[in-house]
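> Next comes the sequence, and after it the predicted model I'd like to discuss.
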Protein chains: 2
Amino acid sequence: MSGSSGLSGSSGSLASCVPLAREPITSDQAVGVVPMLKALADPTRLRLLSLVLSHEGGEACVCDLLPHFDLAQPTISHHLKVLHEAGLVDREKRGTWVYYLARPEAMAALGSIFVLPVGQERP
Amino acid sequence: MSGSSGLSGSSGSLASCVPLAREPITSDQAVGVVPMLKALADPTRLRLLSLVLSHEGGEACVCDLLPHFDLAQPTISHHLKVLHEAGLVDREKRGTWVYYLARPEAMAALGSIFVLPVGQERP
DNA sequence: TGTCAATATCGACGTGTGTCGATGTCTGGG
DNA sequence: CCCAGACATCGACACACGTCGATATTGACA
């Protein structure tokens, strides 16, 4: 056991800066970061985020994304929901269309996880 | 599709530099990167990698890691195997003990995925 | 108002994954 | 030579996950 103090959990807005190499992360920190990693641990969702990020203005509607996949529309909708609930993209409804916007904060948080202390970057 | 210059696939040593935001990544690129992300999309494995990274010299034997968890030894051994097969840690046998070493190249590759083009880092 | 297009939700199905206990393999020591 | 410790492999189980077709919801437009 150990850890598991009383926290509300869920993938709120934590995981701002949790480098793995600085010191052993706690179970709570791990549980806070994992939802984002789990959301991207799927080829379709990783491509979806990449498509949104590299699209005009870092945003794209579902109809822009659908043609890039051989998957059914509900499947893409499901994947976008997972990305949204993980805090990786925002939702914005405009008329009939729904636009998804990448969240730079989430990208920064993910990048900070893998930062190595100086002197440990040996390729 | 298309692209896919001649690569053997599998989670070999690719994924050196695959930023999501630069341009839409290909399916092959996604499939190449996902094993690493999937390996870390688990609280236990994320903590294991953090423990190894922050341990003396970026290495630790199984007996060093076991006490930090409430899981059975075969379970930890399984998770370490997943991390190893994803290219995140190296295995090194010394006498009766087996040491796991973090791979800085993998950390750098993962970090590069989330790099944003200048002018897009809006906190 | 009625219809169509865009997107989300629902229920179901097959597959993948984390966990365990039992057992196998290898190394060092008496 | 045999025993004990460190670690891996195996088989099994419950659960989570990706996918689909069918259906509901919402907004635009004639």
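Looks like it came in fine.
> What about the nearest residue to A:W97 once chain neighbours are set aside, how many residues nearby?
Nearest non-adjacent residue to A:W97, counting by C-beta to C-beta, 6 or more residues apart in numbering or on different chains: A:C61, 4.3 Å away. No exception for glycine: its C-beta is placed from N, CA and C like everyone else's. The tally of other residues near A:C61 (other C-beta atoms under 10 Å in any protein chain shown) stands at 18.
> repeat for A:R47
Look at A:R47: counted by other C-beta under 10 Å, it has 23 neighbours.
> and what of A:R94?
Quick note: A:R94 (other C-beta under 10 Å) scores 9 neighbours.
> and stretch A:105-118, is it in reach of chain B?
Yes - applying C-beta under 8 Å from any C-beta of the partner chain, one finds stretch A:105-118 in contact with chain B at A:105, A:107-108, A:110-111, A:113-116.
> Get me the contact residues on chain A for DNA strand D.
Residues of chain A lying near DNA strand D by C-beta under 7 Å from any atom of the strand: A:38, A:41-42, A:44-45, A:70-72, A:74-75, A:78-79, A:82, A:93, A:95-96.
> out of these, what pair is the most spread apart?
The largest separation in those, counting by C-beta to C-beta, is between A:A41 and A:G95 at 33.3 Å.
> Name the residue in the two with the higher neighbour count.
More crowded of A:A41 and A:G95, by other C-beta under 10 Å: A:A41, with 20 against 6.
> returning to what we had before: which of the residues of stretch A:105-118 next to chain B fall within strands?
When DSSP state E defines the strands, the subset of those inside them is empty.
> so which strand or helix has A:D90?
strand A:89-94 (DSSP states H and E).
> List the contacts of that strand.
Residues from elsewhere that reach strand A:89-94 (C-beta atoms under 8 Å, 6 or more residues apart in numbering or on different chains): A:49, A:52, A:59, A:61, A:80, A:83-84, A:98-103.
> re the thing from before, what is the nearest of the residues of stretch A:105-118 next to chain B to B:L88?
Nearest to B:L88 among these: A:F114, at 10.3 Å, using C-beta to C-beta.
> Could you pull up the residues touching that closest one?
Here A:F114 is in contact with A:19-20, B:107-108, B:110-111 (C-beta under 8 Å, 6+ apart).
> Please report how far the residue nearest in space to the middle of chain A lies from A:R103.
Nearest to the geometric centre of chain A sits A:L88, at 3.6 Å (C-alpha atoms, centre = their mean). Distance, A:L88 to A:R103, by C-beta to C-beta, to the nearest Å: 6 Å.
> Check A:R91 too.
Taking C-beta to C-beta as the measure, A:R91 falls 11 Å from A:R103.
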